[in-house]
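S.K.: show me how the following folds:
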Amino acid sequence: MISGTERLVEQIERSRDELSRALADPGLVSDRARYADVNRRWSQLQDAFVLADRWRDAQARSTEAAELLAEGDDDDVRAIQREAVDEMESLEAPIREAMIEPDPNDDRDTIVEVRAAAGGEEAALFARDLLDVYTRYAQGQRFQVETLALSAADAGGVKEATLSIKGKGAFAVFKHEAGVHRVQRVPETESQGRIHTSTATVAVLPEVEDVDVKVEDKDLKIDVYRSSGPGGQSVNTTDSAVRITHVPTGIVVSMQDEKSQLQNKERAMRVLRARLYDRALEEQNAEITAARRAQLGSGERSEKVRTYNYPQNRVTDHRVNLTVPLREQVLQGALGELTSALAAEERRVLLAAQADEGGLG
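M.R.: Predicted structure coming up:
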């Protein structure tokens with residue numbers, strides 16, 4: 001009977017054969033997308049190839065020892081067989097880990113959108129706090145941070161903001177921030193010391209290039225208008241603000257922070273491509289958890305991935321039931337403990353799904 005580990009080893013060997021044939025195909029280099037995908041997958045599976053070879057070698061030694069023992073008992077041969085079997089068993093977990101296919105978007109730059117949700121002015125102030133936390137966290141990871149758009153609210157808050165975060169693995173670092181974030185604290189304007197609950201929503205999108213998403217000019221409706229500040233007053237005398245509507249999907253992106261219409265259009269197109277790419281992923285696989293609608297929910301106070309409790313100075317991530325200090329850690333941009341726990345949970349879920357598919361019996 002073939003074990004679950006041997007089935008995985010066979011799968012690794014088939015993948016190596018398929019990728020080897022693809023790499024030997026003279027036409028591969030002319031297909032940029034396929035060339036990148038084949039090379040990415042070959043690189044990702046290098047550890048799996050080595051582990052599979054080690055497992056096969058141990059299996060061969062175990063089989064050879066078993067054949068010799070069938071002819072007559074020998075302590076040395078029995079020790080060799082036991083050593084081979086132990087090695088095969090020790091390789092089971094690493095092989096399973098090596099066969100978890102990483103999110104193909106993990107290495108990409110990312111676009112992070114933060115919006116005030118339930119709670120009025122306090123929600124806008126909380127959105128501003130989240131924006132500061134993400135900026136500090138990104139800078140601590142030595143990523144490049146650019147504010148693509150920011151709509152200010154009264155009292156120093158933020159209605160919505162869009163960050164571009166560039167650096168290898170930026171999407172992998174930030175993708176678990178997606179969802180509804182809830183804050184519990186006493187607003188400065190609260191005279192009786194009552195705790196208010198507010199929310200902000202966060203969407204995290206992989207940033208993509210033209211080669212990833214084809215956007216036809218005929219599908220775009222582009223409007224230009226004068227930029228406006230808080231209260232709606234005009235902040236310049238030229239039509240520099242840009243609103244792009246992708247007609248087939250109805251997705252609308254507006255940018256007005258730059259004085260140049262060309263710069264605002266370029267920023268709007270970056271966000272539009274990211275949203276279209278995310279939409280395409282959602283259509284291809286309804287279970288993709290990074291789908292934008294699933295990330296945002298409705299913004300209601302009852303929906304949450306994380307709670308920031310100011311009176312108790314703690315932040316709790318409800319997906320992994322982990323609580324960390326608020327002021328000394330999270331507000332300083334130190335999200336590493338949360339990120340690591342969420343990444344570990346993602347791998348646990350993928351391993352469980354792999355087992356359900358019959359790969360580990």
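S.K.: buried stuff in stretch 130-141?
M.R.: Neighbour counts using 16 or more other Cβ atoms under 10 Å place 130, 131, 133, 134, 135, 136, 137, 138, 141 of stretch 130-141 among the buried residues. In this view, the C-beta of every residue, glycine as well, is placed from N, C-alpha and C.
S.K.: what is the least confident helix or strand in this protein?
M.R.: Using mean pLDDT, DSSP states H and E, helix 292-296 stands out as the lowest-scoring helix or strand of the chain, at a mean of 50.
S.K.: hmm, back to that, which members of the buried residues of stretch 130-141 are positioned in strands?
M.R.: Within those, no residue falls in strands by DSSP state E.
S.K.: and stretch 14-33, which residues are buried?
M.R.: For stretch 14-33, a neighbour-count test (16+ other Cβ under 10 Å) marks 15, 16, 19, 22 as buried.
S.K.: run through the strands of this structure in chain order.
M.R.: 110-116, 144-152, 158-166, 179-185, 196-206, 220-225, 241-246, 251-255, 306-309, 314-317, 322-325.
S.K.: just put the buried residues of stretch 130-141 in a markdown table and tack on pLDDT and distance to residue 159.
M.R.: Listed next are the buried residues of stretch 130-141 as a markdown table, based on pLDDT from 0 to 100; distance: Cβ to Cβ, whole Å:
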| residue | pLDDT | distance to residue 159 |
| --- | --- | --- |
| 130 | 94 | 13 |
| 131 | 94 | 11 |
| 133 | 95 | 18 |
| 134 | 95 | 16 |
| 135 | 94 | 17 |
| 136 | 95 | 21 |
| 137 | 95 | 22 |
| 138 | 94 | 21 |
| 141 | 92 | 27 |
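S.K.: low-confidence ranges in this structure?
M.R.: Applying pLDDT under 70 to the chain picks out residues 1-3, 189, 191, 210-212, 227-239, 283-303, 353-361.
S.K.: okay, helices next: where are they in it?
M.R.: Counting by DSSP state H, one finds helices in the chain at the ranges 4-23, 32-44, 46-71, 75-98, 120-140, 170-174, 261-284, 292-296, 336-356.
S.K.: among those, show me which one is buried the most.
M.R.: Of those, the one with the most neighbours on average (mean count of other Cβ atoms under 10 Å) is helix 170-174, at a mean of 23.
S.K.: and the contacts of that one?
M.R.: 103, 105-110, 112, 134, 137-138, 141, 143, 165, 204, 206-207, 339, 343 (Cβ atoms under 8 Å, 6 or more residues apart in numbering).
S.K.: can you rerun that using 6 Å?
M.R.: Where contact means Cβ atoms under 6 Å, 6 or more residues apart in numbering, the residues beyond helix 170-174 that reach it are 105, 106, 108, 109, 110, 112, 143, 204, 206.
S.K.: TSV please, covering those residues and showing distance to residue 152 and neighbour count.
M.R.: Shown next, in TSV, are the contacts of helix 170-174 (distance: Cβ to Cβ, whole Å; neighbours: other Cβ atoms under 10 Å):
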residue	distance to residue 152	neighbour count
105	31	20
106	33	16
108	29	24
109	25	23
110	23	26
112	18	26
143	24	20
204	22	26
206	27	24
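S.K.: can I get the residues you listed in a markdown table with distance to residue 44?
M.R.: Listed next are the contacts of helix 170-174 as a markdown table, based on distance: Cβ to Cβ, whole Å:
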| residue | distance to residue 44 |
| --- | --- |
| 105 | 13 |
| 106 | 10 |
| 108 | 15 |
| 109 | 19 |
| 110 | 20 |
| 112 | 25 |
| 143 | 22 |
| 204 | 22 |
| 206 | 17 |
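S.K.: of the residues you listed, which is the nearest to residue 7?
M.R.: Comparing the contacts of helix 170-174 against residue 7 with Cβ to Cβ places residue 106 closest, at 26.2 Å.
S.K.: for the closest one, what are its contacts?
M.R.: 171, 172.
S.K.: closest one to residue 214 among the helices of the chain?
M.R.: Evaluated over the helices of the chain, closeness to residue 214 peaks at helix 261-284, with 9.2 Å, by Cβ to Cβ.
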